[in-house]
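Undergrad: need a 3D model of the following:
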Amino acid sequence: MHSFMGGGLFCAIVGNILLVVSTATDYWMQYRLSGSFAHQGLWRYCMSGKCYMQTDSIAYWNATRAFMILSAMSCFAGIIAGILSFAHFSAFERFNRSFAAGIMFFVSTLFVLLAMAIYTGVTVNFLGKRFGDWRFSWSYILGWVALLMTFFAGIFYMCAYRMHECRRVAGPR
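TA: Model prediction:
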């Protein structure tokens, strides 16, 4: 049971770090523009060695930003619940912290999935046609890896919860 929680906590911490790095960095997409390479993230775009803020209020950027931030926040809340479940596994009979942590990690997974789906759909269908020579970059890939890490954190915590419930129902031996 504790090994599941430990594995889940490891995945969650790594996932949360990847979410923050992915959201904050400027390498979601790279492309060639006027003979030079450029790259952009959710907050800035960089051309010819100079970076500029994304001042346009475009709905898909705002949605992607919001879902990535919500994902990092729910993952952080899951980490806090996961740490508290280590401290005292079942403080209440009806509220289990490992179950709450697992749910928070699945919510985080849903938010990052929405963010990545929105960004991917718009980039492929709109920006990909505008820029002939483009590709997704490492910040974008970190977002997908963070999705996997938060998903597995949720799986681990749900397994820990099930093990605890099976032991609680079976009673002391």
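
Undergrad: by mean pLDDT, flag the weakest helix or strand of this structure.
TA: helix 128-130 (a mean of 68; mean pLDDT, DSSP states H and E).

Undergrad: tell me which helix or strand comes right after that one.
TA: strand 134-136 (DSSP states H and E).

Undergrad: chain center to that following strand, what's the gap?
TA: 21 Å (C-alpha atoms, centre = their mean, to the nearest Å).

Undergrad: from here on, count from 129
TA: Sure, I'll start numbering at 129, so the last one becomes strand 262-264.

Undergrad: run through who's touching it.
TA: The contact list for strand 262-264 (C-beta atoms under 8 Å, 6 or more residues apart in numbering) reads W156, M157, Q158, Y159, R160, T251, L255, G256. (Each C-beta comes from the backbone N, C-alpha and C, glycine too.)

Undergrad: okay, now the sheet partners of it, with direction.
TA: Within its sheet, strand 262-264 is paired with strand 157-161 (antiparallel), according to DSSP bridges.

Undergrad: for stretch 177-196, what does the pLDDT average out to?
TA: Mean pLDDT, stretch 177-196: 89.

Undergrad: what's the longest helix anywhere in the chain packed up against?
TA: Longest helix in the chain by number of residues, with DSSP state H as the criterion: helix 266-298. Counting contacts by 3 or more C-beta pairs under 8 Å, 6 or more residues apart in numbering; DSSP states H and E, helix 266-298 is packed against helix 130-152, helix 187-215, helix 225-250.

Undergrad: same list (the ones you listed) but as a markdown table, adding mean neighbour count.
TA: Formatted as a markdown table, these follow (neighbours: other C-beta atoms under 10 Å):
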| stretch | mean neighbour count |
| --- | --- |
| helix 130-152 | 20 |
| helix 187-215 | 19 |
| helix 225-250 | 22 |
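
Undergrad: wait, which of these is closest to K178?
TA: K178 lies closest to helix 130-152 among the helices and strands packed on helix 266-298, at 18.6 Å (C-beta to C-beta).

Undergrad: so that closest one versus helix 187-215, what angle?
TA: With axes from the mean of the first three to the mean of the last three C-alpha atoms, to 10 degrees as the basis, helix 130-152 and helix 187-215 are set at 150 degrees to each other.

Undergrad: could you name the helices and strands sitting against helix 130-152?
TA: Partner elements for helix 130-152 (3+ C-beta pairs under 8 Å, 6+ apart): helix 187-215, helix 225-250, helix 266-298.

Undergrad: make JSON lines out of those helices and add distance to G135.
TA: JSON lines is the format used below for those (distance: least, C-beta to C-beta, whole Å):
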{"stretch": "helix 187-215", "distance to G135": "11"}
{"stretch": "helix 225-250", "distance to G135": "12"}
{"stretch": "helix 266-298", "distance to G135": "5"}
